[in-house]
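Engineer: predicted model, plus sequence, below.
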Amino acid sequence: MTGASGNLGGQVVQLLAEQTEADVVALSRRPTAVPPRVIARIADYADGGALRNGLADVDTLVFISSDGEGTRVLAQAASAAGCRPVVGRRTVARDRSGVHHVGRNQDARG
């Protein structure tokens, strides 16, 4: 789960921790408090090594926020780590990086 220290990301981490038995990994550029059972990891789109380490052993990625370049870097790191990006928050289309986005800016025909 990226963006775990933000308002939306923090809420999604909380919901995942409460509603799933799966391990939840919270990724953030800075240390952040996380609910019990959640694994907090530091990862920054500008640091490919830290990003790959943060995604180690992650099967499914919940992708909360990034700019265009960050999306590309994250998609590459996720692919290299063997996880599949699933959700982003701004669109409902699939962009060139292979990340599916959810939000109000585009329709689902993408």
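Structural biologist: Yep, that arrived.
Engineer: can you give me the strands in this protein?
Structural biologist: 24-28, 38-42, 60-62, 84-87 (DSSP state E).
Engineer: dump the ones you listed to TSV, plus mean neighbour count and distance to Ser5.
Structural biologist: (Each C-beta comes from the backbone N, C-alpha and C, glycine too.) Formatted as TSV, the strands of the chain follow (neighbours: other C-beta atoms under 10 Å; distance: least, C-beta to C-beta, whole Å):
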stretch	mean neighbour count	distance to Ser5
strand 24-28	25	4
strand 38-42	17	9
strand 60-62	19	14
strand 84-87	17	18
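Engineer: quick one: those strands as JSON lines, columns for mean pLDDT too.
Structural biologist: Formatted as JSON lines, the strands of the chain follow (pLDDT from 0 to 100):
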{"stretch": "strand 24-28", "mean pLDDT": "92"}
{"stretch": "strand 38-42", "mean pLDDT": "93"}
{"stretch": "strand 60-62", "mean pLDDT": "86"}
{"stretch": "strand 84-87", "mean pLDDT": "66"}
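Engineer: turn those into JSON lines, including distance to Ala75.
Structural biologist: Output for the strands of the chain, formatted as JSON lines (distance: least, C-beta to C-beta, whole Å):
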{"stretch": "strand 24-28", "distance to Ala75": "14"}
{"stretch": "strand 38-42", "distance to Ala75": "18"}
{"stretch": "strand 60-62", "distance to Ala75": "9"}
{"stretch": "strand 84-87", "distance to Ala75": "6"}
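Engineer: so which of those strands is nearest Thr71?
Structural biologist: Smallest distance to Thr71 across those (C-beta to C-beta): 8.7 Å, for strand 84-87.
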